[in-house]
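>>> got a predicted structure here, sequence first:
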Amino acid sequence: PLPGEPPKPPAWGTFLDCALVMPAAPAPLVADPALPVAGQAFTLRWASVAGTDLVYVLEEATRPDFSDAAELYRGPARERTLYGRTSRAWYYRVRAQQGPVSGPYAPGVAVPVAPRVRWNLEPVSAYSPKPLLAVQRALLRLACARGDVLAVLGLPEHFREDAAIAHVGALQSPLTGTSELVPALGFAEENALSYGALYHPWAFVSEEQQPTAPLRMPPDGMACGVLAKRAVERGAWVAPANEPWRAVVALTPPLSRERLLDLQDAQVNVVRQEPRAFLTLSADTLAVTPEVRPINVRRLLSLLRRAALKLGAAYVFEPNDASFHRLVQRGFEALLGDLFVRGAFAGRTREGAFQVVTGDALNTPVQMEQGRFFVDIKVAPSLPLTFLNVRLVQSGDRGLVTEAR
């Protein structure tokens, strides 16, 4: 110090208590699982160290020499779960600290994070049609049991014209072997075929985020989008055909134009390339009955089913007499009249488009004594020229809607 100035106080903070003992290294440090994949969580664990008031310091690095190490955790726990690590090698080390005294690092551990598991494409020779037939048969039965949904089906990408036609025949055929995972639709279940529509082929779709890398996609998801768009804009009773499929840039496999008529006769809705866009020019279900073959007819009947159940629930506790019958008739005529104005039915007049029957010929005194009430709704969709019956049966507190031709 200069003459006349007091000396500076010593740096007491740099002195250590000689009674403190350096804690040991908390080895071993292990990872569980040892080989995680990208995005998978893994847990780091280490052994405890003798001492009081210990904290453990966990560090992470991307280099094996820990030159870029960063502290991840500081606390008394002896494990730490990490999330969201990308595909690469990560390095970890841990040490114990007691007060201001830090112990040595445990031997570092490398955790190689593997790339995310991807689907492997099997060769065409290994393909078996049984799982797909089982899923689609079960889906058709489910849609028919509900009565208000449409099963949109697709085919494997490698299917050409003959394979697609044969697959439709397998779905429609009542013959099946004992080795089938799900039995084929029987003779009494042929109505379930009208609740399914089949689309082919696959498409290359250009996404907005990656326009230069189109993705190969099955057509059923895009077909659902076309169905929803047409129903929202014009109504479920309008055929979902001749509607451009957006973002589609190519088809795979390219089907022969000479076989398009064969596919249409087999009730396959073919996605085709036309001068103005990629689209379908048919909208058929798998139905064997011509009246319910169009998709828009099936969707219209499903709409009527939901409307009948919703409107019929309001009549549960009404007395079953002649005035009640007229009330129900007027209610359903108002509902169908609104659909007629919007173009859901054929015919120039309401009488030629729909009929609501609740008379004595349908509701006999015996049925009225049993607490049952029948409503026959006859509609002429825009395409067919024959009436299709939708019957609402109200029995007690339950309603049932059936179809008849």
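Now that the structure is in, tell me what you want to look at.
>>> and the contacts of the longest strand anywhere in the chain?
The single longest strand within the chain, with elements called by DSSP state E, is strand 89-98. Outside strand 89-98, the residues within contact range by CB atoms under 8 Å, 6 or more residues apart in numbering are 20-21, 23-26, 29, 31, 44, 46, 49, 51-64, 66, 69, 72, 102-113. From N, CA and C alone the C-beta is placed, and that goes for glycine too.
>>> what about 6 Å?
23, 26, 29, 44, 46, 49, 51, 54-61, 64, 102-103, 105-106, 108-112 (CB atoms under 6 Å, 6 or more residues apart in numbering).
>>> mind listing the strands that strand pairs with, and their directions?
strand 54-61 (antiparallel), strand 101-105 (antiparallel), strand 109-112 (antiparallel) (DSSP bridges).
>>> check which residues of the last one are buried.
Translated: strand 109-112. Val109, Val111 (16 or more other CB atoms under 10 Å).
>>> next secondary structure after that strand?
helix 130-146 (DSSP states H and E).
>>> show me how far that following helix is from its chain's centre.
Centroid separation for helix 130-146 versus its chain: 16 Å, with CA atoms, centre = their mean, to the nearest Å.
>>> pLDDT on the helix or strand just after that helix, on average?
Going down the chain from helix 130-146, the next helix or strand is strand 151-153, by DSSP H and E. What strand 151-153 shows for mean pLDDT is 93.
>>> same for strand 151-153, what does it pack against?
helix 130-146, strand 196-200, helix 219-233 (3 or more CB pairs under 6 Å, 6 or more residues apart in numbering; DSSP states H and E).
>>> most tightly surrounded among the ones you listed?
When the helices and strands packed on strand 151-153 are scored by mean count of other CB atoms under 10 Å, the highest mean neighbour count falls to strand 196-200 (a mean of 26).
>>> and it, C-alpha only, in PDB?
What follows is strand 196-200, C-alpha atoms only, in PDB (Å, rounded to 0.1, in the frame of the first residue of the first chain):
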ATOM      1  CA  GLY A 196     -69.600 -47.900 -48.800                       C
ATOM      2  CA  ALA A 197     -67.900 -46.100 -51.700                       C
ATOM      3  CA  LEU A 198     -64.500 -47.200 -53.200                       C
ATOM      4  CA  TYR A 199     -61.900 -44.800 -54.700                       C
ATOM      5  CA  HIS A 200     -58.800 -45.500 -56.700                       C
END
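>>> distance between that strand and the chain's centre?
Between the centre of strand 196-200 and the centre of its chain there are 16 Å (CA atoms, centre = their mean).
>>> likewise for stretch 152-164?
20 Å.
>>> quick one on the thing from earlier: just the buried ones among the contacts of strand 89-98, please.
By neighbour count, with 16+ other CB under 10 Å, the contacts of strand 89-98 hold 23, 26, 29, 44, 46, 49, 51, 54-61, 103, 105-106, 108-109, 111 as buried.
>>> ok, now how distant is the spatially most central residue of the chain from Ala166?
Centroid-nearest residue in the chain, with CA atoms, centre = their mean: Gly221, separated by 8.7 Å. Separation of Gly221 from Ala166 (CB to CB, to the nearest Å) stands at 24 Å.
>>> ok, Tyr91 next?
57 Å.
>>> and those two? Which one has more around it.
Neighbour count, other CB atoms under 10 Å: between Tyr91 and Ala166, Tyr91 has more, with 18 against 13.
>>> which residues of the stretch 201-350 of the chain fall in helices?
219-233, 260-265, 295-312, 322-341, 350-353 (DSSP state H, counting those that start in this stretch).
>>> chain center to the second one, what's the gap?
Using CA atoms, centre = their mean, the mean C-alpha position of helix 260-265 is found 29 Å from that of the whole chain.
>>> please apply the same query to stretch 76-95.
35 Å.
>>> any idea what Val111 is bridged to?
Counting by DSSP bridges, Val111 forms beta bridges with Trp90.
>>> that one reaches Val30, doesn't it?
No - if you go by CB atoms under 6 Å, Val111 and Val30 don't touch, sitting 9.8 Å apart.
>>> leaving out sequence neighbours, find the closest residue to Arg45.
Closest residue to Arg45 apart from its sequence neighbours, by CB to CB, 6 or more residues apart in numbering: Glu79 at 4.4 Å.
>>> tell me the pLDDT at the one you found?
92.
>>> okay, now it: neighbour count?
13.
>>> for Leu132, see how far away Gln172 is.
For Gln172, the distance to Leu132 - CB to CB - is 15 Å.
>>> tell me how this structure divides into domains.
Per the TED database, the domain ranges recorded for the chain read 29-112, 128-292, 315-404.
>>> so Leu72: helix, strand or coil?
Secondary structure, DSSP: H, G, I helix; E, B strand; the rest coil: Leu72 is strand.
>>> quick one: it and Tyr56 touch, right?
No - judged on CB under 6 Å, Leu72 makes no contact with Tyr56 at a distance of 10.7 Å.
>>> residue contacts, the closest residue to Val109 other than its chain neighbours?
Using CB to CB, 6+ apart and skipping residues adjacent in sequence, the residue nearest Val109 is Leu29, 4.8 Å away. Residues in contact with Leu29 (CB under 6 Å, 6+ apart) are Trp46, Val94, Ala106, Val109.
>>> gap between Leu29 and Thr43?
In this view, Leu29 and Thr43 are 11 Å apart by CB to CB.
>>> tell me how many other residues crowd Arg216.
11.
>>> measure stretch 282-292 end to end?
Chord length of stretch 282-292, first to last residue, is 14 Å (CA to CA, to the nearest Å).
>>> now it: buried residues?
Ser282, Ala283, Asp284, Thr285, Leu286, Ala287, Glu291, Val292.
>>> now swap in stretch 74-87 and tell me
Under 16+ other CB under 10 Å, the buried positions of stretch 74-87 are Arg80, Leu82, Arg85.
>>> which ones among those are found in helices?
Among the buried residues of stretch 74-87, DSSP state H puts none in helices.
>>> wait, which of those is closest to Val37?
Using CB to CB, Arg85 comes nearest to Val37 of those, at 9.7 Å.
>>> in contact with the spatially closest residue to that closest one that is not a sequence neighbour, which residues are there?
Excluding the flanking residues, the one nearest Arg85 by CB to CB, 6+ apart is Val113, at 5.0 Å. Neighbour list for Val113: Pro36, Ala38, Arg85, Ser87 [criterion: CB under 6 Å, 6+ apart].
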